[in-house]
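Predicted model and sequence follow; I will ask about them next.
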Amino acid sequence: MRFLDTYLAALLARASSLISDEFHATLARKKIPVLQWRVLACLSDGSLPMGDLGRVILAKQPTVSKLIDRMEAAGLVVRQEDPASRRRTLVALTPHGSTLAAELVVLALEHEASVLLPFAPETAKIFVDVLRKLIEQHSK
């Protein structure tokens with residue numbers, strides 16, 4: 001067996017790429033760019049500061065700013081002043097953005113269910129919990 005067939009980081013990257021590519025095909029059919037989907041998904045639970053948004057969607061700040069400009073022009077998001085800090089800008093979904101996000105989240109959940117179908121529910125839960133713990137440990 002090759003080293004990369006046993007190395008955790010390589011396995012996580014390959015699994016992520018394969019699973020993401022499946023869902024990205026769905027997005028492509030709907031003409032939704034991947035980063036736009038990530039923003040919609042992130043903001044579906046509420047507004048976020050621009051800096052936090054970049055970390056969650058895995059994009060650098062200049063890319064996030066341009067993306068938010070395009071999404072704002074398309075009527076999907078709005079920028080808001082953060083009431084807690086005038087120096088921070090929050091990004092929130094518009095009603096149109098919320099509707100689109102809700103539709104895409106349903107599709108993402110269906111895709112996730114198909115990915116986890118071969119596993120017993122308790123195994124799938126453990127798997128997701130372990131991934132969350134890995135992310136938490138390495139986000140510090």
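That came in fine, so what should we check first? Numbers count the residues shown, from 1 in each chain.

SS state for Arg87?
strand (DSSP: H, G, I helix; E, B strand; the rest coil).

If I look at it, what pLDDT would I see?
Turning to Arg87, the model gives it a pLDDT of 83.

what does the one 3 residues further on give?
Here the pLDDT value assigned to Leu90 is 95.

How many residues are close by it?
20 (other Cβ atoms under 10 Å). Heads up, the C-betas are built off the backbone N, CA and C, glycines and all.

So it belongs to a strand, correct?
Yes. Counting by three-state DSSP, Leu90 is located in a strand.

which ones are touching Gln97?
Quick fix: residue 97 reads Gly, not Gln. Contacts of Gly97 were listed using Cβ atoms under 8 Å, 6 or more residues apart in numbering, and they are 40, 43, 71, 75-77.

nearest to Phe119, of these?
For those, the residue nearest Phe119 by Cβ to Cβ is Leu40; the value is 27.3 Å.

The contacts of Gly97, buried ones only, as a ChimeraX selection?
Per 16 or more other Cβ atoms under 10 Å, the buried members of these correspond to this ChimeraX selection:
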select :40,43,71,76,77
